[in-house]
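Asks: coordinates for the following, if possible.
(one chain, ligands or ions: 1)
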Amino acid sequence: MRTTITVFLAAFVLTAVGGMAASGDHSHMWTKIEERRTAEGRVICTWECPMVSPNHFTTTSGYGYCSHPQ
Ligand SMILES: [Zn+2]
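Replies: Residues are numbered from 1 along each chain as shown. Sure thing, here's the model as predicted:
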């Protein structure tokens with residue numbers, strides 16, 4: 001019984017770590033691909049990171065400017 005639970009947990013952890021390696025274990029290199037300005041003066045930027053496949057995106061926003069993603 002205990003062995004079954006241990007194997008189950010090991011498989012679960014391996015799956016979780018594998019999923020993170022695919023998308024999160026690298027240094028992002030954000031390139032701004034879009035900048036929109038709303039009527040209220042808010043700037044919304046879309047950034048693309050091509051470091052892993054598939055490319056992933058993030059957005060930042062602020063009043064007057066948009067900050068670089070972390
Ligand atoms: Zn990235």
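Asks: tell me the residues of this protein that contact the ion?
Replies: If contact is defined as CB under 5 Å from the ion, the residues of the chain in contact with the ion are H28, C49, M51. C-betas here are computed from N, CA, C, even on glycine.
Asks: my read: the last one touches H26, true?
Replies: Yes: the pair M51 and H26 qualifies as a contact (CB atoms under 8 Å) at a distance of 5.0 Å.
Asks: just the ones of the residues of the chain next to the ion in strands?
Replies: Secondary structure of the residues of the chain next to the ion is defined by DSSP state E; positions in strands are C49.
Asks: would you format the residues of the chain next to the ion as JSON lines with pLDDT and neighbour count included?
Replies: JSON lines is the format used below for these (pLDDT from 0 to 100; neighbours: other CB atoms under 10 Å):
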{"residue": "H28", "pLDDT": "95", "neighbour count": "17"}
{"residue": "C49", "pLDDT": "96", "neighbour count": "17"}
{"residue": "M51", "pLDDT": "94", "neighbour count": "11"}
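Asks: closest to T59 among the residues of the chain next to the ion?
Replies: C49 (12.3 Å; CB to CB).
Asks: residues in contact with the residue nearest to that closest one when sequence neighbours are not counted?
Replies: Taking CB to CB, 6 or more residues apart in numbering as the measure, C49 lies nearest to H28, with 4.6 Å between them; neighbours along the chain are not counted. Contact partners of H28, counting by CB atoms under 8 Å, 6 or more residues apart in numbering, are C49, M51, P69.
Asks: sounds good, over and out.
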